[in-house]
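Q: sequence and predicted structure below; questions after.
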Amino acid sequence: MTSVILVSMIMSIVGVSTPILLAALGELVAEKSGVLNLGVEGMMLIGAVSGFAVTYLTGSPWLGVIAAGACATLSALMFGYLTLSLTSNQVATGLALTIFGISLSSLVGESFVGLTVPSFGAVFPAGLSENPTLRLIFGHSPVVYFSLVMTWAVWHFLTNTRGGLILRAVGENDYSAHSIGYSVIAVRYAAVAFGGAMAGIAGSYYSMVLTPMWAEQLTAGRGWIALALVVFSVWRPVRLFFGAYLFGLVMTLELQSKAAGFNFAPPEFMAALPYLATVVVLALISMKKRRAMAAPACLGRPFKPAT
Amino acid sequence: MPIRLEKRREPSRSMLYATPAIAVGLTMLTGAVIFTAIGYNGFAAVWEIFVSPLIDPNRWQDLGVKAAPLIIIAVGLSFGFRANVWNIGAEGQYIMGALAGTGVALATWEMSGPWILPLMCVAGMLGGMAWAAVPALLRTRLGVNEILTTLMLTYVAVQVLYYLMNGPWKDPMGFNFPQTRLFNESQLLPTVIPQTLVHLGVPLAGVIAVAAWFVMTRTVFGFQIRTVGRAPAAARHAGFDANRTVWASLMIGGGLAGLAGVFEAAGPFGQMVPQFPVGYGFTAIIVAFLGRLHPLGIVLAGIVLAVTYIGGETAQTRLGLPDAAAGLFQAMTLFFLLATDVLVRYRIRFGADAKGAAA
C-alpha cells in the first residue's frame, strides 16, 4: 500500500517538474546568449492552446506538440525581431509578449473550453509501463523523457561543443564575439527561438498531459517560476534539473498533505506557497555574493555594432 | 532594396511624440485584419473598441472612471521605469493598498466623520508601499532582481485577498458570500459631478499627474531619477545613491498603486470582493510606456486604454466579440510601440549605405 502511494507521489513530482524544467532550459539557453526573455509565461500559454487545438483537430498529440513548439517559436521570433533587430527594451518587450500570450490564448482557446484530447500512447510496452513499480521508469509521457534528454543535451552543448562556446561568448562579451567574426544577432535569434520552442512544449504539457483540457491561464504563473529557476540554477543545466525536481517535490508534498487532511494552514496560504518560496529562495541564493557574478555579462543589453 | 538603420545623433523629439499615435494606428489596422480573418466584421470591431466610446458623451463618465486607476498606477511606475527599476507587480501593490484601506473601513464601520476617508487613503498608500518594500529591501540589501520578486508577490497578494474574503473579513450579514460589508457614507469616495459615476479619484488622477510632472522636471529628485536611468555612470559620479533611487521609485510606485486601490474600492466597488483585481496593474505598464513615461503623456495613454476597455465591453455585447479581444488590442499596442520606438533613435535609410557603395 505504501509503495503505491510512493509511486503515485513520484509520478506526481515528475508531472509538476517536467514543464518547469523544459521552459527553464529554454530560457537558460536564451539568457546564456545574453537575451532576457520575460515572455516565458506568454509563450507557454501560446504553446498550450495551439498544442491543444491541433491535437483536438487532428487527433494526433504528436502533431499537437510540434504545433505547440512551432507557434511558441514564432512568438519568440517576434520578440527576437523587436529586441534584436529593432533593439527594443528586452524587459518591456518580454512583458508585452506575456500579456499578448495571455490574451491571444484565451481568445483562441474560447472555442475549446470543456473539450478533451486524446493522450500520448505509452512509450514502452504495456508490460513495462503498467507494472506498478516499473511504471516509475517506463510509465511517463514521452514529453518527460524528452525533458531528460534535453537536460543532457543542453548541458553537453553548453560545456562540450564549439557552438556552446560561441553562444556563451556572445552572452559574456558581445562586442568581442562580434569582432572575431561571430554573428551575435544570428546566435541570439537561434537561442531565443530555442527558448520559444521549449516554452511552447512545456505549455502544451499542461493542456495535453497534466489536465488534459484547456482553461484560461492554466499555466498559473509557472513561466515566472521557470524564470526564477534559471537564476536559482546560476545558469547551470544540471542544477536547473535538481531545482525543478525540488520544486516538484515541495508542490507534491503540499498536495498530498492536503489530500491526507492535514489542515495546518488555510488553503490560500498553500496556494501562495510556491510564489513565497520562490522569493525566499531568490533571497537565500543572493546572500552568497559570488553567485551574482554567474549571470551572463551581457544579459538584457541590446547589441548594435557601429557599421 | 536594402533597408538599414542609421543612428540619429539625438533622439528625434517629433518621433518620440508621433510613435504612440503610429502604434495605435497600426494596432487598429492589424486588429481589423485579424478580426476579419477569424470571421468577425473587423472594421466594426475596431470602430467599437477604439472610436465609439470617444464619440458617445454618455460614456465619458465611464472613461474617466476607468482611466483614473490606470493613470495613477502608471504615473507611479514611470518613476521606476525611468530609473531602470522594473516594478512589474503594481497589481499586487494595488490589491494590498485596497485591502489596507478596507481594513480601516471595517474597523470604523460604525463611525462617521470626514477623517475616515483620508485615513483609508493613507492606509492604502502605506499598504502598497509595504508590499513594494519587500522587493526594495531584497534588491538593495541582497541584490535580488526586483522583476521576479514584485511579480511573485502579486500572486501572493491575490491569495491574501481570497483569504480575507473567505474568512476574517467576510460580511457577517452577507449570506456567506465571500465579500465584505458595504462601506458607509463616510467611507465612500464622493462623486464630483452629480448624477454620474465620476468620483473624486478622477480629478485627483489629473492632479497626481501634474504633481508628478513637476517633480520629474523641476526638482533635483526628478533629475536624479532621470540621470540614474539614462547615464548610470554619470549618476554615480554625481554622488546619486543608487539604492536610494531604488527605494524611492518602488515607494512611489507602490504608494500610488495602493492609493489607486483604495479609490477603486471606495469608489466603483463600495466594498471589497474577490473579483477586485482585474489586471489594472498590468495594463498600467502599457499605459506608462504608451505615455512615454511622461506624466502628461500617461494621462492621454490612460484615456486611450480606458477606451479599449469600455469599447471591448460594448463590442462584446453588440458584435459578440470575445472578451479577450480588448486585451489582445492592448498587447498589440505595446508591441507596435516598442517596434516603432526604433524610429526615435534611428533613421531608416533605403539603398546601400554610402561607405558600402564606395568600397
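A: Received, thanks.
Q: C-alpha only now, for contacts and for neighbours.
A: Will do.
Q: pLDDT value on residue 262, please?
A: By default, I'm working from chain A. The confidence metric pLDDT takes the value 70 at A:Phe262.
Q: ah, I was thinking of chain B
A: Looking at B:Val262, its pLDDT reads 97.
Q: that one against B:Val104, yeah?
A: No. B:Val262 sits out of contact with B:Val104 when judged by C-alpha atoms under 8 Å, with a separation of 10.5 Å.
Q: looking at these two, which has the bigger crowd around it?
A: B:Val262 (36 against 19; other C-alpha atoms under 10 Å in any protein chain shown).
Q: and the host helix or strand of that one, what's buried?
A: B:Val262 belongs to helix B:242-264 when assigned by DSSP states H and E. Residues B:242, B:245-264 are the ones in helix B:242-264 that count as buried (16 or more other C-alpha atoms under 10 Å in any protein chain shown).
Q: give me the helices and strands touching that helix, please.
A: helix B:60-82, helix B:90-107, helix B:116-137, helix B:220-230 (3 or more C-alpha pairs under 8 Å, 6 or more residues apart in numbering or on different chains; DSSP states H and E).
Q: near chain B, which residues of chain A show up?
A: Where chain A comes near chain B, counting by C-alpha under 8 Å from any C-alpha of the partner chain, the residues are A:82, A:86-89, A:92-93, A:96-97, A:99-100, A:103-104, A:106-107, A:110, A:224, A:227-228, A:266, A:268-269, A:271-273, A:275-276, A:278-279, A:282-283, A:286-287.
Q: quick one: buried residues of the worst-scoring helix or strand of chain A on mean pLDDT?
A: Between all helices and strands in chain A, the lowest mean by mean pLDDT, DSSP states H and E belongs to helix A:126-129, at a mean of 77. Neighbour-count burial for helix A:126-129, with 16+ other C-alpha under 10 Å as criterion, is recorded at A:Leu128, A:Ser129.
Q: chain center to that helix: distance?
A: Here helix A:126-129 is found 29 Å from its chain centre; the criterion is C-alpha atoms, centre = their mean, to the nearest Å.
Q: what sits up against it?
A: If you take C-alpha atoms under 8 Å, 6 or more residues apart in numbering or on different chains as the criterion, helix A:126-129 is touched by A:Ala122, A:Val123, A:Leu134, A:Arg135, A:Ile137, A:Phe138, A:Gly139, A:His140.
Q: of those, keep whichever come out buried.
A: Buried members of the contacts of helix A:126-129, counted by 16+ other C-alpha under 10 Å: A:Arg135, A:Phe138, A:Gly139, A:His140.
Q: ok, now how distant is A:Tyr175 from A:Phe303?
A: 8 Å (C-alpha to C-alpha, to the nearest Å).
Q: kindly report the same for A:Thr151.
A: With C-alpha to C-alpha as the criterion, A:Thr151 and A:Phe303 are 28 Å apart.
Q: and what of A:Leu107?
A: Distance, A:Leu107 to A:Phe303, by C-alpha to C-alpha: 35 Å.
Q: low pLDDT regions in chain B?
A: Applying pLDDT under 70 to chain B flags residues B:1-2, B:351-359.
Q: how about the residues of it by chain A?
A: Applying C-alpha under 8 Å from any C-alpha, we find that chain B lies next to chain A at B:138, B:142-144, B:148-149, B:152-153, B:155-156, B:159-160, B:162-163, B:322-325, B:327-328, B:331-332, B:334-335, B:338-339, B:341-342.
Q: need the contact list for the residue nearest to B:Ile225 when sequence neighbours are not counted.
A: Spatial nearest neighbour of B:Ile225, chain neighbours left out: B:Ala83 (5.2 Å); criterion: C-alpha to C-alpha, 6 or more residues apart in numbering or on different chains. Neighbouring residues of B:Ala83 by C-alpha under 8 Å, 6+ apart: B:Ile225, B:Arg226, B:Thr227, B:Val228, B:Gly229, B:Arg230, B:Thr245, B:Val246, B:Ser249.
Q: nearest to B:Met15, of those?
A: Taking C-alpha to C-alpha as the measure, B:Met15 lies nearest B:Arg230 of those, at 18.6 Å.
Q: tell me the SS of B:Leu5?
A: With DSSP: H, G, I helix; E, B strand; the rest coil as the basis, B:Leu5 sits in strand.
Q: surely it meets B:Arg349?
A: Yes. Using C-alpha under 8 Å, B:Leu5 is in contact with B:Arg349, at 6.2 Å.
Q: comparing those two, which residue is more hemmed in?
A: Shown here are B:Leu5 and B:Arg349; by other C-alpha under 10 Å, B:Leu5 has more neighbours (17 against 12).
Q: how about the residue nearest to the more buried one when sequence neighbours are not counted, secondary structure?
A: In space, and not counting its chain neighbours, B:Leu5 is closest to B:Ile348: 4.9 Å by C-alpha to C-alpha, 6+ apart. Assigned with three-state DSSP, B:Ile348 falls in the strand class.
Q: where's B:Ile348 relative to chain A, distance?
A: 11 Å (C-alpha to the nearest C-alpha, to the nearest Å).
Q: and for B:Thr102?
A: Applying C-alpha to the nearest C-alpha to B:Thr102 and chain A gives a distance of 19 Å.
Q: again with B:Leu29
A: If you measure B:Leu29 against chain A using C-alpha to the nearest C-alpha, the figure is 17 Å.
Q: can you verify that residue is assigned to a helix?
A: Yes. Using three-state DSSP, the assignment for B:Leu29 is a helix.
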